[in-house]
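Q: Any chance you could fold what I've pasted below:
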Amino acid sequence: MRRTLARFSITVLLALAAAVPYVAYGQAQLPGTNTPSPAPLLFATNTPVQPTVTPSATFTPTHTPTPTDTPTPTFTPSFTPTHTPTSTNTPTPTPTPIGPYSYPEGISPLTGQLYPNEEAANRRNLIVKISNYPPVVRPQSSVNQADVVYEYEVEGGVTRFAAIYRNNAPDHVGSVRSARLFDLELIQMYNALFAYSGTSEPIQKLIMAADFVYQTFSPLKGDNCEEAGFCRFPNGSLAFEHTLFLDTNKVWELATRRNVNTPLRARGFAFNDRPDAGGKPINDIFIDWYGQTSARWQYDTTSRHYLRYTDDVPHFDIADGQQLWADNLVVIEVPHNERPDLFPPGANYASHEIALWEQGRAYLFRDGQFYQGYWFRKDAEPGSALQLLYGDNTPMMMKPGRTWVSVVRWFGDVVLSETKPDMAATATVIARSATPTLTVTPGPSPTPAPDL
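A: Next up is the predicted model:
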């Protein structure tokens, strides 16, 4: 696969760090500064007329430091001089590292926590593509059960989610949407299975030619409701393309029958219960994609989670009734390239190539603190996932738990503040003027997805 991004050294990145835009507390920054106009909202998701049948294949497949004993000299009150024994310090045992290169047995590299059960430990990472546009698709289902979520631009400021599941196995995830070029990178990074609704013909050809083709599942390849869990749940006037949901249990079962449900782990994140020193207090993070989609995350001191607002209203998960949340919020700055060469000459659409290889600038938010560093990924090495590093190459320590990764073109569209706007008041104003949107709920019985 192409690698057009010039390799740049960490020395150059350290020079760039001085230019990282940090918003002083209380100051305002207009999102989208120096942002070019977005491309038109043209979605290249045409599906070939005939499904491509998937051939069968066989594959073989905390840091809580022990407190150092405080030296307690023994004093014997006596008129006769006695020997006071010298206290000996007990060496503090070296903590078992949790990433970024090795993980203790039974610890998930996605969360830095123990797998909840044997089933989770023994299955493969599963990436599911989930829609986030138009607003009628919100609230989505079972996003809060993902271990890691990547949010990235697909076209013209519209974002979608690539949710990675392992700890949990929800039976109703979605709505499920189509694949993009960026997903091909994530499959390799996380040694993952991949579930999607369909894609454009050029990207489908790339998937079918890839080494990981047997790790991918889609109605476009003939995977259906009964065997693969891709089922339609009609909902009033909701458009057909927004009615596809996935039962992750069935995908893992099918992957087992295809001999690709190997419990591989992906290296990258590093975890520590204790935040790194040098963090700055930040409680509100606003991210804008061309004014088409916006996300706001606010740190909640009660739950110790970051809570999500989309387009200035609370963003809920309909499966659990909770606001979308994360223990860690990561924002990475990644070059976006147009790839019209993948499509026929004269086509008025193209795909974004999000160049998530080499390295770039990164923000990490955890426990209400803000840290600046760099993201790094070894080029095309399966299982080499996203790493977060400081300028001296030491890992940025994340909080054990769930992580949300927002991918942006540049940090000029990210606004940070120590104070939190009153989102409850904002949501009330919007609700009074908004047109009601449909909610997506399962019907009494699923409708099998067509093979096309």
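
Q: I'd say Leu238 and Val136 touch.
A: Yes - under the criterion of C-beta atoms under 8 Å, Leu238 is in contact with Val136, at a separation of 6.7 Å. (Glycine included, C-beta is placed from N, CA and C.)

Q: Quick check: phi and psi on Arg124?
A: phi -90, psi 150 (degrees, to the nearest 10).

Q: Quick check: pLDDT value at it.
A: At Arg124, the predicted lDDT confidence score is 98.

Q: which ones are touching it?
A: The contact partners of Arg124, taken as C-beta atoms under 8 Å, 6 or more residues apart in numbering, are 166, 191-193, 215, 252, 255, 260-264.

Q: gap between Trp289 and His305?
A: Going from Trp289 to His305 by C-beta to C-beta, to the nearest Å gives 23 Å.

Q: These two: which has the busier surroundings?
A: Taking neighbours as other C-beta atoms under 10 Å, Trp289 and His305 compare with Trp289 leading, 26 against 22.

Q: For the more buried one, give its distance to His336.
A: Computed as C-beta to C-beta, the Trp289 to His336 distance reads 11 Å.

Q: Now the common contact residues for the two.
A: Glu153.

Q: and of the contacts of Arg124, the nearest to Glu227?
A: Lowest distance from Glu227 to these (C-beta to C-beta) belongs to Ala255, with 11.3 Å.

Q: now the helix or strand where that closest one lies, how far from the chain's geometric center?
A: With secondary structure defined by DSSP states H and E, Ala255 is part of helix 248-257. Helix 248-257 has its C-alpha centroid displaced from the chain centroid by 22 Å (C-alpha atoms, centre = their mean, to the nearest Å).

Q: Please apply the same query to stretch 153-164.
A: Distance of stretch 153-164 from the chain centroid (C-alpha atoms, centre = their mean) equals 11 Å.

Q: Figure out the length between the terminal residues of it.
A: Using C-alpha to C-alpha, to the nearest Å, the end-to-end distance of stretch 153-164 comes out at 17 Å.

Q: Can you select the buried ones from the contacts of Arg124 in PyMOL?
A: Command for PyMOL that selects the buried part of those, burial taken from 16 or more other C-beta atoms under 10 Å:
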select buried, resi 166+191+192+193+215+252+255+260+261+262
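
Q: which one among the contacts of Arg124 gets closest to Asn132?
A: Ala192 (19.8 Å).

Q: Enumerate every residue touching the closest one.
A: Neighbouring residues of Ala192 by C-beta under 8 Å, 6+ apart: 124-127, 164, 186, 215, 266.

Q: give me the low-pLDDT residue ranges for the protein?
A: 1-97, 348-349, 425-452 (pLDDT under 70).

Q: Just read off the phi/psi values of Lys129.
A: When read as degrees, to the nearest 10, the backbone of Lys129 gives phi -80, psi 130.

Q: Can you give me the neighbour number for it?
A: 27.

Q: now do the one 4 residues further on
A: Burial measure for Tyr133: 21 neighbouring residues, criterion other C-beta under 10 Å.

Q: cool, and the one 3 residues further on?
A: Using other C-beta under 10 Å, the number of residues around Val136 comes to 17.

Q: now do Ala380
A: 12.

Q: That one contacts Glu358, doesn't it?
A: No - the criterion here is C-beta under 8 Å, and Ala380 misses it with Glu358 at 11.1 Å.
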